[in-house]
Each structure stands twice: as C-alpha cells, then as structure tokens.
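**Student:** Coordinates for the following, if possible.
(one chain, ligands or ions: 1)
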Amino acid sequence: MIIGILSMQGAIEEHEAAFRKLDLTTLRVKKPVDLQSVDGLVFPGGESTTMIRLMALSGLFEPLAELIGRKKMPVYGTCAGMILLSKGVTNYSEQRCLGLIDIWVERNAFGRQIDSFEAPIMIDDLGKEAFPAVFIRAPLIRHIGPEVRLMATYRQEAIMARQDNVLVSAFHPELTGDLRIHMYFSQMVSGWRHSQS
Ligand code: GLN
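**Tutor:** Model (predicted):
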C-alpha cells in the first residue's frame with residue numbers, strides 16, 4: 001500500500017514522517033503519472049492559492065477528479081488541503097477549488113491576531129482521548145452538505161468532516177505526535193485498496 005503526498009508546496013515532510021512511524025510507504029505526487037502508483041492521497045497544508053496554481057500547471061485537475069470523484073480513492077486534506085478539496089471559499093470567491101467534498105470554507109477564519117494555536121478537541125471515531133489539534137492560519141467549514149458527516153468542532157465551529165472517501169480537517173495532525181488520524185486514514189486507504197482487487 002502506498003500513500004501519495006501531493007507535493008506542490010507545504011507540509012510534505014511532516015506527513016511523510018507520520019506515515020513512516022506507522023511503517024507505511026509514501027510517494028510524492030507531482031504529476032499525473034505519479035497517481036498510478038498510489039492507493040490514497042494526502043493534500044497537505046500550505047498556501048492554497050499557490051498550490052492550486054501549481055496543480056493547474058501540472059495538469060492534475062482531471063486525473064484527480066477521475067480518481068477521487070469517480071473511482072473513490074481516499075483523500076485526506078489538511079488545512080489548505082481542505083480548502084482545495086472543498087466546493088469553494090466564502091470569503092475569496094475567485095479561488096478555484098476541486099469540489100470533491102460538499103462543504104464551503106472560510107479562509108484564515110481565526111483572523112490575523114491568532115496566527116496559530118493548539119487546542120484539545122474531541123473527534124468522532126477516534127476514542128475518548130482529546131486530540132491535540134494545531135491550527136495555523138486555519139480555515140473553518142462554513143456550509144456542510146447533507147451527505148457530509150461532521151467529525152469534530154472547536155468552539156461550536158466545524159473543523160473536521162468526511163464524505164465517503166474524502167476526509168478533511170482544518171488543523172494539522174502531522175505536527176503533533178498523535179498518529180490516530182493518519183492511522184484512521186490509512187484504514188480508509190487499505191479498505192479501498194482491497195475493494196479494487
Ligand atoms: N491560510 C492558508 C490558506 O488559506 C492555509 C494555512 C495552512 O494550510 N496552514 O491557504
């Protein structure tokens with residue numbers, strides 16, 4: 001099983017390190033041909049405008065829509081990755097997004113004063129222990145479609161959700177030592193992989 005890390009820009013090494021701790025192999029995805037070797041894909045945090053521009057230049061939109069939208073390969077988007085997977089950005093209407101999960105997001109939703117912080121949050125399906133969520137100029141989920149399951153909130157705001165094969169979080173789990181979300185995602189990936197063979 002190989003987990004791809006979309007490698008345009010952003011927190012790539014940190015996700016690689018988290019999967020390595022789980023003894024899982026990763027591959028950097030930079031161009032369409034790389035997608036042939038992976039069973040799941042992480043969209044890391046970073047700068048969403050830069051990332052979407054680089055993805056357009058690499059010709060990744062069509063193959064990603066096919067693989068994630070039609071073939072239902074699992075994908076996990078953190079922070080900027082969540083923005084890219086959403087249907088659009090409420091406070092930045094010109095931003096192009098892939099529309100692979102039925103949510104709308106607000107960019108930099110915590111304001112400039114609160115650049116980054118860590119908070120314990122409870123996540124559905126991840127046990128009774130709080131998860132140390134790291135937020136860095138984080139977005140929030142503003143509209144959630146009927147098929148989307150909300151998995152976590154912070155101060156009553158939506159910060160983690162899943163629709164079928166698409167998992168998103170506003171925070172960065174790869175910057176904590178807690179591997180539960182990477183483990184949860186790898187189970188989604190192995191389930192999909194078995195369904196393909
Ligand atoms: N603020 C960034 C954006 O809007 C996201 C920040 C992050 O991924 N940590 O693209």
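**Student:** Please count neighbours and contacts with C-alpha atoms only from this point.
**Tutor:** Noted.
**Student:** from memory residue 88 sits against residue 102, does it?
**Tutor:** No: using CA atoms under 8 Å, residue 88 is not in contact with residue 102; the gap is 9.3 Å.
**Student:** which one of the two has more residues nearby?
**Tutor:** residue 88 (23 against 19; other CA atoms under 10 Å).
**Student:** now the more buried one: how far from residue 167?
**Tutor:** Distance, residue 88 to residue 167, using CA to CA, to the nearest Å: 16 Å.
**Student:** can you check residue 82 too?
**Tutor:** Taken as CA to CA, the span from residue 82 to residue 167 is 8 Å.
**Student:** Name the residues contacting each of these two.
**Tutor:** Shared contacts of residue 82 and residue 167, defined by CA atoms under 8 Å, 6 or more residues apart in numbering, comprise residue 76.
**Student:** the more surrounded of those two?
**Tutor:** Comparing residue 82 with residue 167 by neighbour count (other CA under 10 Å), the higher total belongs to residue 82, at 36 against 24.
**Student:** For the more buried one, give me its contacts.
**Tutor:** 43, 76, 168, 169, 170.
**Student:** How about residue 181?
**Tutor:** Here residue 181 is in contact with 126, 173 (criterion: CA under 8 Å, 6+ apart).
**Student:** Relative to the whole chain's centre, how far out is the helix or strand containing residue 168?
**Tutor:** According to DSSP states H and E, residue 168 maps onto strand 166-169. Remark: strand 166-169 is offset 5 Å from the chain centroid, using CA atoms, centre = their mean, to the nearest Å.
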